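1. need a structure here:
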Amino acid sequence: MITELMRKFYIWLYLKSQKELKELHMKEYHNDIKCTNCNTWMSISEIEYQHTYENMDPWGYSSQCGKCKHLSYWNLAAAPVALKCDKNGTPY
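-> Okay, here's the model as predicted:
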């Protein structure tokens, strides 16, 4: 009984901390991206999974999700927010 209650408490605490961490990130950077394959937010999942980023000058960067290893490309030059794009930087 107590262990089930403790488990529920830790799950609640973990989800609350993820939400607060995401809010802090959004307040500081005003932008976040989601993995297009597994829908994991890059900013909050950095604790659990190591994401890799590669600069794709002059238009943006590529990001590989640490959870599912999916590679996605993001254009930062076309708009004030990150836009999903192809390898050449063309948003779609």
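
2. the bottom helix or strand of the chain by mean pLDDT?
-> helix 42-45 (a mean of 62; mean pLDDT, DSSP states H and E).

3. contact partners of the helix or strand following that helix?
-> As assigned by DSSP states H and E, the chain's next helix or strand after helix 42-45 is strand 52-56. Defining contact as CB atoms under 8 Å, 6 or more residues apart in numbering, one finds that strand 52-56 is touched by Tyr61, Ser62, Ser63, Gln64, Gly66, Tyr73, Gly89. The way it works is simple: take the backbone N, C-alpha and C, and place the C-beta from them, glycine included.

4. what about the fourth one, neighbour count?
-> Residue neighbour count, defined by other CB atoms under 10 Å, stands at 15 for Gln64.

5. helices or strands up against whatever helix or strand Leu21 lives in?
-> Assigning secondary structure by DSSP H and E places Leu21 in helix 2-29. Helix 2-29 sits against helix 42-45, with contacts defined as 3 or more CB pairs under 8 Å, 6 or more residues apart in numbering; DSSP states H and E.

6. can you give me the mean pLDDT across stretch 55-65?
-> Average pLDDT, stretch 55-65: 85.

7. What's the end-to-end length of that stretch?
-> From its first residue to its last, stretch 55-65 covers 15 Å (CA to CA, to the nearest Å).

8. still on that earlier bit, could you give the mean pLDDT of the helix holding Leu21?
-> 78.

9. Tally up the residues packed near the closest residue to Gly66 other than its chain neighbours, please.
-> In this structure, Gly66 finds its nearest non-sequential neighbour in Tyr49, 2.9 Å apart by CB to CB, 6 or more residues apart in numbering. Neighbourhood size, Tyr49 [other CB under 10 Å]: 15.

10. so Tyr49 sits right up against Lys69, yeah?
-> No - using CB atoms under 8 Å, Tyr49 is not in contact with Lys69, being 9.6 Å away.

11. Now do the shared contacts for those two.
-> Contacts common to Tyr49 and Lys69, judged by CB under 8 Å, 6+ apart, are absent.
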